[in-house]
Each structure stands twice: as structure tokens, then as C-alpha cells.
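*Asks:* can't give you the sequence, but here's the structure:
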């Protein structure tokens, strides 16, 4: 069944995924200052910010780093568009779920000093999963606090279902996440976009003061996909291993 809907829904997957990430909140719990609406760090930041951004760029995945995957850089235009359409942080309900929402966005959460994003798609025509890899630079205390907040939110019954603006996420469940680095958190969730069912899995890995967020997503026609488990996205080990190796190099 997957091959029947895989490449046929890739375009829908990309458009829907972008729409969902753009709809998500800005500020995350435990990220430092709140209430700013999740604006990106200013490009006019000081030398420390520039240095952090440069380091992330050097560590970001490129085509050839992971076999059988195409790597694309998220354009600044896409990020700017996401910024303009993202609702204020107060639009996330319950508020303690904001940290989960942060990892579904294409823009940096509040408190991050720098950010780069890459989108990976498989060259296998039967694999319709896209994986967004986001690198975020924090100070070490901020990175640790962000992980603690994510871990708590992913396990909270209050966040089993949460809303972002007019969008609703459901089926939020923590997942096993033993993938190296200093610590990791993983969770899955789903949402609906018209007749399509969007499934997402997010794994966040911390290495020192750097967070690596791996957001695998797929969108399927609910009439075409009958099995509740069919099409569940997975974050490929090869992607995590390759990104972790570049960050820790």
C-alpha cells in the first residue's frame, strides 16, 4: 500500500508539513525569556552569535554525508514566511506543551543562539518520509534545561493532545531514544490536514550545548491507508549517526 501512496503524496507531504510547522508556536518552556512570539535571533547579533552560526553551518549535513538521501538547505525565505505566519506563544494550549511545538517549527525556539535546518528525503521511491534536521546552539545550561522541559512535556498527560492556534495534535507519546550524545528525548504525534493524516516522530539529541532535532514526517490519504500503523515515520539511524558524528568532530 505504501508504494501506492508514497511518491504520490510527497508533494502533499512537503506542503502540509511546511504548513504544520509554520502554524506552530514560538516560545518553549524552560527556554529563558518568554512571550516574544518565537522570533528568530537577529542577524545583527554579536560575534558570539555569528561564531555559533558558523559552527552549526560547518556541522550541518550535506548531500553525500548519508547514503541514499538527498539533503536540501532550508531557505531564508521559507524561514521568514514561517515567522510571519506563526501564532504567538500564548496560542499553544496547554502552555506546558510549547516545548513540543517548538520542535515542529522551521524557526529557532526562543533562547537558541543560532540555528540551521536541513531537509533530507530518501532516493528510494517507496520511502515517502521526509526528515527535517535542525541544529540549535545554546549555552550548556540552556540546552540541558530545554531537554528536561521536552522530556517532561512528552510524558505529560496534559500534552497527550494539544492545540496550536487552530491546529490540533493528538496521540503524543514518548518513545525510546538511545541514540548517543549526552542525552536524548523522542516522541511521536499525529494531526489531520483535511482528508490527510499527518504522522510525526521527533528525536532530539544533546551533545554539549548543541541540540540536534530530527523531525520525521509523512502525510497519507486516510482512505488509502487503512492500517493505523502503516506509514508511521521513523528517524533513520543513519541520519542521526551521521549528524552526531559531524557535530562531535
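*Replies:* Yep, it's here. All values derive from a computational prediction rather than experimental measurement. Numbers count the residues shown, from 1 in each chain.
*Asks:* report all helices and strands that the longest helix seen in the chain contacts.
*Replies:* Taking DSSP state H as the criterion, the chain has its longest helix at helix 140-155. Using 3 or more C-beta pairs under 8 Å, 6 or more residues apart in numbering; DSSP states H and E, the elements in contact with helix 140-155 are helix 98-102, strand 167-175, strand 183-193, strand 196-207, strand 210-221. C-beta: built from backbone N, CA, C; applies to glycine.
*Asks:* tell me the buried residues in it?
*Replies:* Residues 142, 143, 144, 145, 146, 147, 149, 150, 151, 153, 154 are the ones in helix 140-155 that count as buried (16 or more other C-beta atoms under 10 Å).
*Asks:* and it with strand 183-193, angle?
*Replies:* Interaxial angle of helix 140-155 relative to strand 183-193 (axes from the mean of the first three to the mean of the last three C-alpha atoms, to 10 degrees): 50 degrees.
*Asks:* farthest pair within the buried residues of helix 140-155?
*Replies:* Pairwise distances across these (C-beta to C-beta) peak at 18.6 Å, for the pair 142 and 154.
*Asks:* residue ranges in this protein under the pLDDT threshold?
*Replies:* Within the chain, the ranges that satisfy pLDDT under 70 run 1-50, 75-90, 106, 222-231.
*Asks:* the same query, at a cut-off of 90, please.
*Replies:* 1-51, 74-91, 105-111, 125-128, 165-167, 177-180, 193-196, 219-232, 249 (pLDDT under 90).
*Asks:* next helix or strand past the helix or strand harbouring residue 116?
*Replies:* Assessed by DSSP states H and E, residue 116 sits inside strand 114-122. Using DSSP H and E, the helix or strand that follows strand 114-122 in sequence is strand 130-137.
*Asks:* give the partner strands of that next one in its sheet and their orientations.
*Replies:* Counting by DSSP bridges, the strands paired with strand 130-137 are strand 114-122 (antiparallel), strand 210-221 (antiparallel).
*Asks:* from residue 147, how far off is the closest residue to residue 184 other than its chain neighbours?
*Replies:* Leaving aside its chain neighbours, residue 184 sits nearest to residue 177 (4.0 Å; criterion: C-beta to C-beta, 6 or more residues apart in numbering). From residue 177 across to residue 147, the span is 11 Å (C-beta to C-beta, to the nearest Å).
*Asks:* hey, what's in contact with both of the two?
*Replies:* Here residue 177 and residue 147 have 185, 204 as joint contacts, going by C-beta atoms under 8 Å, 6 or more residues apart in numbering.
*Asks:* re earlier: so which of the helices and strands packed on helix 140-155 is nearest residue 113?
*Replies:* For residue 113, the closest of the helices and strands packed on helix 140-155 is strand 210-221, at 10.1 Å, according to C-beta to C-beta.
*Asks:* follow-up on the earlier one: distance to residue 107 added to the buried residues of helix 140-155, as TSV?
*Replies:* Formatted as TSV, the buried residues of helix 140-155 follow (distance: C-beta to C-beta, whole Å):
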residue	distance to residue 107
142	17
143	18
144	22
145	20
146	15
147	19
149	18
150	17
151	22
153	19
154	21
